[in-house]
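Asks: can't give you the sequence, but here's the structure:
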């Protein structure tokens, strides 16, 4: 009897400690809601952040995300650029309104007007790709250049394994998604290789040996590990991003082709043929449709930014922007 009591007390203590740890983590992780500014537009409030001085790079984040994903281009501020990031509808402090891509870019132009920004470099990353294309196509007079890095441009299909994966359960389990987010953050700290393997295998077409080499590369490099940790931190807690993600998925899966007829500015395309999320057909569509572009084919899949071409991607981005006339 005494043993049972001790076990029950131990279980209660563990539950209490887990509860305290989770509450503290969620409070800390939710501080992103205090960052940036909120501006009123004709279609609702818009959460944005503008940093730096110089030509404006308009970063359109992946999903799930928000203004905090601007961290991946923060180094461009040191290169002499400004960085503008917005949270799409349903992400962070941008209330959910079911705006189409075109309605969202109309909202962006209203934001630019209020900030007295004439032109920007539209930069579309992953699920942010359609926004960058729509912006550059609908408002060519407000666009210096276009950058698409693994950005969706045409038909989008989720990886076949995704519906049954832990990660889909994390994204869709309303009652426990924040707790699962916390467990994921802990797992990536203390079981890095195992956690990254479960993520990477959904996002790449590499074979088992290729995945192993990719994981070994990332796990042994502090900068690559930090990038992945930052990515995880900009996708949680899910409760402050889930409406945005659901809307993203609805819009993404309805795409046939994003119109690009009016895009005449210089464009940089960075894609991987091993990408199992934003598949190569997205690059092919742009290659066959855009008039003036540079293409960098990278290795690794949807996490090409931390693959063996990590430095090559950074350098190409900087070199490309130096060719743009910002007058």
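Replies: Looks like it arrived, so ask away. Please read all numbers here as calculations on a predicted model, not as lab measurements.
Asks: just the strands in the stretch 101-250 of the chain please.
Replies: Shown for the stretch 101-250 of the chain, the strands assigned by DSSP state E, counting those that start in this stretch span residues 120-125, 143-149.
Asks: sheet-wise, list the partners of the first one with their directions.
Replies: Pairing partners of strand 120-125, with direction, according to DSSP bridges: strand 56-60 (parallel), strand 143-149 (parallel).
Asks: buried stuff in it?
Replies: Using 16 or more other C-beta atoms under 10 Å as the test for burial, strand 120-125 gives 120-125. The C-beta positions use only the backbone N, C-alpha and C, and glycine is treated the same way.
Asks: if we can go back for a sec, could you dump the strands of the stretch 101-250 of the chain to TSV with mean pLDDT?
Replies: Shown next, in TSV, are the strands of the stretch 101-250 of the chain (pLDDT from 0 to 100):
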stretch	mean pLDDT
strand 120-125	98
strand 143-149	98
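Asks: tabulate those strands (a markdown table), appending distance to residue 103.
Replies: Below are the strands of the stretch 101-250 of the chain laid out as a markdown table (distance: least, C-beta to C-beta, whole Å):
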| stretch | distance to residue 103 |
| --- | --- |
| strand 120-125 | 16 |
| strand 143-149 | 18 |
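Asks: what's the closest of those to residue 40?
Replies: Residue 40 lies closest to strand 120-125 among the strands of the stretch 101-250 of the chain, at 20.6 Å (C-beta to C-beta).
Asks: list of residues touching the closest one?
Replies: Contacts to strand 120-125, defined as C-beta atoms under 8 Å, 6 or more residues apart in numbering, come from residues 55-62, 69, 72-73, 84, 112, 130-133, 135-136, 142-152, 321, 324.
Asks: quick one: it to chain centroid distance?
Replies: Computed by C-alpha atoms, centre = their mean, to the nearest Å, the separation of strand 120-125 from the middle of its chain amounts to 13 Å.
Asks: from here on, count from 4
Replies: Will do, 4 is the new start, and the previous item becomes strand 123-128.
Asks: picking up where we left off before, deepest of the strands paired with strand 123-128, which one?
Replies: Stretch with highest mean neighbour count among the strands paired with strand 123-128: strand 59-63 (a mean of 27; mean count of other C-beta atoms under 10 Å).
Asks: check residue 24 and give its pLDDT.
Replies: pLDDT recorded at residue 24 is 71.
Asks: give me the element it is part of.
Replies: Residue 24 is part of helix 5-32 when elements are defined by DSSP states H and E.
Asks: where does the protein dip in pLDDT?
Replies: Applying pLDDT under 70 to the chain flags the ranges 4-5, 7-22, 25-26, 28, 32, 162-178.
Asks: switch to 90 and redo it
Replies: The chain contains residues with pLDDT under 90 at 4-37, 160-205, 235-236, 238-242, 330.
Asks: need the longest strand for it.
Replies: Across the chain, the strand with the greatest residue count (assigned by DSSP state E) is strand 47-55.
Asks: could you list the buried residues of that one?
Replies: Quick answer for strand 47-55 (16+ other C-beta under 10 Å): 49-53, 55.
Asks: okay, those residues in JSON lines with distance to residue 251 next?
Replies: Shown next, in JSON lines, are the buried residues of strand 47-55 (distance: C-beta to C-beta, whole Å):
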{"residue": "49", "distance to residue 251": "16"}
{"residue": "50", "distance to residue 251": "15"}
{"residue": "51", "distance to residue 251": "18"}
{"residue": "52", "distance to residue 251": "19"}
{"residue": "53", "distance to residue 251": "23"}
{"residue": "55", "distance to residue 251": "27"}
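Asks: what residues are up against the nearest residue to residue 43 once chain neighbours are set aside?
Replies: In space, and not counting its chain neighbours, residue 43 is closest to residue 49: 7.9 Å by C-beta to C-beta, 6 or more residues apart in numbering. Contacts for residue 49 (C-beta under 8 Å, 6+ apart) come out as 41-43, 89-90, 97, 110, 114.
Asks: now list the buried members of the residues you listed.
Replies: Judged by 16+ other C-beta under 10 Å, buried ones among these: 89-90, 97, 110, 114.
Asks: quick check, nearest of these to residue 201?
Replies: For the buried ones among the contacts of residue 49, the nearest to residue 201 is residue 90 (27.0 Å; C-beta to C-beta).
Asks: which strand residues bridge that closest one?
Replies: Counting by DSSP bridges, the residues bridging with residue 90 are residue 50.
Asks: three-state assignment of residue 36?
Replies: helix (DSSP: H, G, I helix; E, B strand; the rest coil).
Asks: quick one: it and residue 90, what's the gap?
Replies: 10 Å (C-beta to C-beta, to the nearest Å).
Asks: and for those two, which residues touch both?
Replies: residue 96.
Asks: for residue 106, which non-adjacent residue is closest in space?
Replies: Nearest residue to residue 106, sequence neighbours excluded (C-beta to C-beta, 6+ apart): residue 46, at 6.2 Å.
Asks: what is the neighbour count of residue 94?
Replies: Counted by other C-beta atoms under 10 Å, the residues lying close to residue 94 total 27.
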